[in-house]
Structure formats: C-alpha cells, structure tokens
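Student: sequence and computational prediction follow.
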Amino acid sequence: MRLAGKIGIVTAAASGMGRAGALRFAQEGAAVAVVDLDAAAAEATAAAITAAGGQALALAGDLRDDGFARDIVRKTVARFGGLDFVWNHVGHPGPSTVEGVDMDDVALALDLNLRTVLVTTSEAIPHLRARGGGTSLLFTASTSGLVGSPNSPVYSMAKFGVVGFVKSLAKRLAPEGIRVNAICPGPIDTPMLRVFVKRPDQQTPAGMTVEDLVQRRASQVPFGRPGRPEEVANAALFLISDEASYVSGVALPVDGGATA
Ligand SMILES: NC(=O)c1ccc[n+]([C@@H]2O[C@H](COP(=O)([O-])OP(=O)(O)OC[C@H]3O[C@@H](n4cnc5c(N)ncnc54)[C@H](O)[C@@H]3O)[C@@H](O)[C@H]2O)c1
C-alpha cells in the first residue's frame, strides 16, 4: 500500500475530488480526516471508508472560521497520533464579473481559496516537522492558477496566489523534508463545475441547460470531456506519497491537455 501508516487531512472531502481522494488515500492505507461543511456527507464519506476497512474521522464545520480551520489539525493529531499530509482542497469559484462585482462573493472566494488554507497550513507545519521527513502539503489550485481565465478573474487571482504560496513554501520547508505541491485541475465532473458554468456573464445562449454548458466547457479541452474526480485523486495520491520523494514546488495540471 502506497500510504501505509500515514495520517492525513483532506478538506472539502465530502464531494467531488476531495471525496475521491479521501477514499483513495484510505484504500492505500492512510488514516484520513474528512473535513467538510456538509456534516451528513462528511459522515457518509467517513462511513464509506470504514466500511471498506479503512480508518476515517469526519470533521464537520465551516473552514471560513479560523478556529475550525485550526481545530481540524488538533483533532486529527489527537485521534490518530500525528500528521503526515494535508490536502488543502477547499475553494470557491467567486464572481465571474469585474464591473459591478459582488464583494461578498469576492470575500468568500479569497477566504476559501487563500485564507483558510494558510490557517490550516500554519497549524499543520509543526506537526509535519515533528515527523522528521516523508511529509507533504498539497493544495488545489486550478488551470486558472496557471493561465488567464477571462470568465473567472477573481478565482484566477486567488489560484495564482495558491501557486505562489506553494512555490514559496516548497523552498522554505525543503530543508525540513516537507514537500509542498499544487494540483491544477481543468474542468472536473463535480457539482462545482456546474456552479462555474452557470454563473452570469458567460454569454449563455438561450435554451442551454446546465449539462449543455458542461459539454460546451468540455469541448474546449483537447480530450473533449471533463475529468473524473478519481483522475485527480490519483495524481494527488502520487504527490503525497513517498513515490514523489524528490518532487516539490510543482503545480501539476490534470486538465486533459488544456494548458499544453
Ligand atoms: N470542479 C472543477 O472543475 C474544478 C476545477 C479546478 C479546480 N477546482 C477546485 O477544486 C476544489 C473543490 O472542487 P470540487 O469540484 O471537488 O468541489 P465539489 O463541489 O464537489 O465539493 C466542494 C465541497 O466543499 C465543501 N465546502 C464548501 N464550502 C465549505 C466551507 N466553507 N468549509 C468546509 N467545506 C466547504 C462543500 O460542502 C462540498 O462538499 C476547489 O478548490 C476548486 O477551486 C475545481
């Protein structure tokens, strides 16, 4: 097993890529804290892990709350006895506009893409350090953190920030054996993709359903389809596992060739 004996946290783990990652990591031997706003879905994800013979802890709360963003680290360490990895996966699309922009939605995007991941990371570093190597931090950026995104300028602002944080931390923490990487998904078939495509300011032709819009978005990808959450989870598994022992500071696209 590729994560035997490891202990980790996955945020936004009750749906989409986070859920796929939590299940995959547990399958590979990790004990996983499943963190999400949706308590019932977090419990269901943790139950699916334990039903398959793995170890999981559901932690429900709002990551906009700094206390909760810290507590997830404390509770994971208290329950499992240490910490080897964190996948800071939580994020939010934010507004698609700039003129007349909704600043409450901007605040939510900056909080969930940037602020909370900083809070959790600051709490996690001493515990990762204490392991003496073999540990890592993984962040979810986006292809919008690598190239400009005309329909998501605020999101792109935040995800470029995530990539900058990752590269800086990778150099800062390298002497302590803590690897730091980002994963940069293209359009992935999850509820959040539907949020992205149905926001205003997308010149949506009349009569198009949300699924039509998903297909239109997918048609812009060289592979011609959205990614599956499991395809991102597999890339995340590599980056947090010891197989990536000489990999730090990368922002890995998992995007069907979109940023090629
Ligand atoms: N889906 C895509 O196409 C896509 C592409 C690139 C990057 N991303 C990034 O992936 C991440 C999540 O995407 P997904 O598609 O897996 O999402 P998803 O919609 O499947 O799940 C998001 C989860 O986040 C949880 N959540 C929302 N607000 C929260 C909060 N305040 N505190 C705790 N949990 C909260 C929700 O309850 C939900 O379970 C984000 O960082 C997003 O920016 C998504």
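Tutor: That came through fine.

Student: please enumerate the helices of the stretch 51-200 of the chain.
Tutor: Using DSSP state H, counting those that start in this stretch, the helices of the stretch 51-200 of the chain run over 66-80, 103-110, 116-131, 153-173, 191-197.

Student: would you mind giving those helices as TSV with mean pLDDT, distance to Leu23 and mean neighbour count added?
Tutor: C-beta: built from backbone N, CA, C; applies to glycine. Below are the helices of the stretch 51-200 of the chain laid out as TSV (pLDDT from 0 to 100; distance: least, C-beta to C-beta, whole Å; neighbours: other C-beta atoms under 10 Å):
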stretch	mean pLDDT	distance to Leu23	mean neighbour count
helix 66-80	98	17	18
helix 103-110	98	27	15
helix 116-131	98	21	19
helix 153-173	98	24	19
helix 191-197	95	17	17
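
Student: just the CA trace of the helix or strand that contains Val214, in CSV.
Tutor: Taking DSSP states H and E as the criterion, Val214 maps to helix 210-218. These are the backbone C-alpha positions of helix 210-218, laid out as CSV (Å, rounded to 0.1, in the frame of the first residue of the first chain):
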residue,chain,number,x,y,z
VAL,A,210,-26.5,23.3,-17.3
GLU,A,211,-25.5,19.9,-18.8
ASP,A,212,-25.2,21.6,-22.3
LEU,A,213,-23.0,24.2,-20.6
VAL,A,214,-20.8,21.5,-19.1
GLN,A,215,-20.5,19.9,-22.5
ARG,A,216,-19.6,23.2,-24.1
ARG,A,217,-16.9,23.7,-21.4
ALA,A,218,-15.6,20.2,-22.0
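
Student: now do that helix, average pLDDT.
Tutor: Computed over helix 210-218, the mean pLDDT rounds to 93.

Student: hmm, Ala251 and Thr259 touching each other?
Tutor: No. Between Thr259 and Ala251 there is no contact under C-beta atoms under 8 Å: 9.9 Å.

Student: okay, these two: which has more neighbours?
Tutor: Ala251 (22 against 14; other C-beta atoms under 10 Å).

Student: quick check: the gap between the more buried one and the ligand.
Tutor: According to C-beta to the nearest ligand atom, to the nearest Å, Ala251 and the ligand sit 12 Å apart.

Student: quick one: contacts for that residue?
Tutor: By C-beta atoms under 8 Å, 6 or more residues apart in numbering, the contact list for Ala251 reads Ala141, Gly145, Leu146, Val163, Val166, Lys167, Asn181, Ala182, Ile183, Cys184.

Student: go with 7 Å
Tutor: Counting by C-beta atoms under 7 Å, 6 or more residues apart in numbering, Ala251 touches Ala141, Gly145, Leu146, Val163, Val166, Ala182, Cys184.

Student: now do Asn181
Tutor: By C-beta under 7 Å, 6+ apart, Asn181 lies in contact with Ser136, Leu138, Val166, Leu239, Val247, Ser248, Gly249, Val250, Leu252.

Student: which PyMOL command selects the buried ones in these?
Tutor: Remark: buried members of the contacts of Asn181, expressed as a PyMOL selection using 16 or more other C-beta atoms under 10 Å:
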select buried, resi 136+138+166+239+247+248+249+250+252
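
Student: quick check: the two most widely separated of the contacts of Asn181?
Tutor: Spatial extent of the contacts of Asn181 (C-beta to C-beta) is set by the pair Ser136 and Leu252 at 12.8 Å.

Student: mutual contacts of these two, please.
Tutor: In contact with both Ser136 and Leu252: Asn181, Leu239, using C-beta under 7 Å, 6+ apart.

Student: ok, which of the helices of the stretch 51-200 of the chain comes nearest the ligand?
Tutor: Distance to the ligand, taken as C-beta to the nearest ligand atom, is lowest for helix 191-197 among the helices of the stretch 51-200 of the chain, at 3.3 Å.
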